[in-house]
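**Student:** heads up, no residue letters with this:
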C-alpha cells in the first residue's frame, strides 16, 4: 500500500512543477484550446514517465496504480497552474521569455 501512496505522491509532485516546464513549450499567441491540449499531452507523458521511474515497466501491470498516478500528475498540473503559476504570472512570463523573437513579431 505504501508504494501506491508513494507513486501517487510522486505524481502529484511532478504535476505541481509541470506547468513551468509546459510554459517553455507553449507560446502566448496560441489559442486557449491549443494550450490546453499541449498541457494535457505533456501531463500524460509526464505521468507515464513517473510511473516508469517509480517502478519500471512492471508498474504498468497494476493498471489502477498507473491510471491513478497519471491522473494525479494531470490533476496536480492543472490545479497548480490555476492556483499558483498563473496568478503569480510566472508561467505566462516563461511563455513570453521562451517564445522566439520571430513569433513575437507576428503577434
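**Tutor:** In hand now; what should we look at? Given the structure is predicted, the values throughout are model-derived calculations rather than measurements. Residues are numbered from 1 along each chain as shown.

**Student:** Look up the pLDDT of residue 14 for me, please.
**Tutor:** At residue 14, the model reports a pLDDT of 94.

**Student:** Also the one 3 residues further on?
**Tutor:** Reading off the per-residue confidence, residue 17 sits at a pLDDT of 94.

**Student:** Same question for residue 107.
**Tutor:** 53.

**Student:** show me where pLDDT drops low in the chain?
**Tutor:** By pLDDT under 70, the weakly predicted segments of the chain are 1-2, 103-107.

**Student:** what about 90?
**Tutor:** 1-10, 28, 51-69, 86, 91-92, 95-96, 99-107 (pLDDT under 90).

**Student:** Quick one: the helices in it, in order.
**Tutor:** For the chain, the helices defined by DSSP state H cover 2-25, 32-55, 63-80, 90-98, 101-106.

**Student:** ok, residues contacting the first one?
**Tutor:** Same thing as helix 2-25. 38-39, 42-43, 46-47, 50-51, 53-55, 59, 65, 68-81, 84-86, 90-92, 94-95, 98 (C-beta atoms under 8 Å, 6 or more residues apart in numbering). No exception for glycine: its C-beta is placed from N, CA and C like everyone else's.

**Student:** repeat for the fourth one
**Tutor:** If you take C-beta under 8 Å, 6+ apart as the criterion, helix 90-98 is touched by 19-20, 22-28, 81, 85-86, 104.

**Student:** May I see the ChimeraX selection of the buried members of those?
**Tutor:** A single ChimeraX command suffices to select whichever of the contacts of helix 90-98 are buried according to 16 or more other C-beta atoms under 10 Å:
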select :19,20,22,23,26,27,81,85
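
**Student:** Output the contacts of helix 90-98 in TSV; the columns should cover distance to residue 34.
**Tutor:** Output for the contacts of helix 90-98, formatted as TSV (distance: C-beta to C-beta, whole Å):
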residue	distance to residue 34
19	16
20	19
22	12
23	14
24	15
25	11
26	8
27	9
28	11
81	15
85	18
86	16
104	17
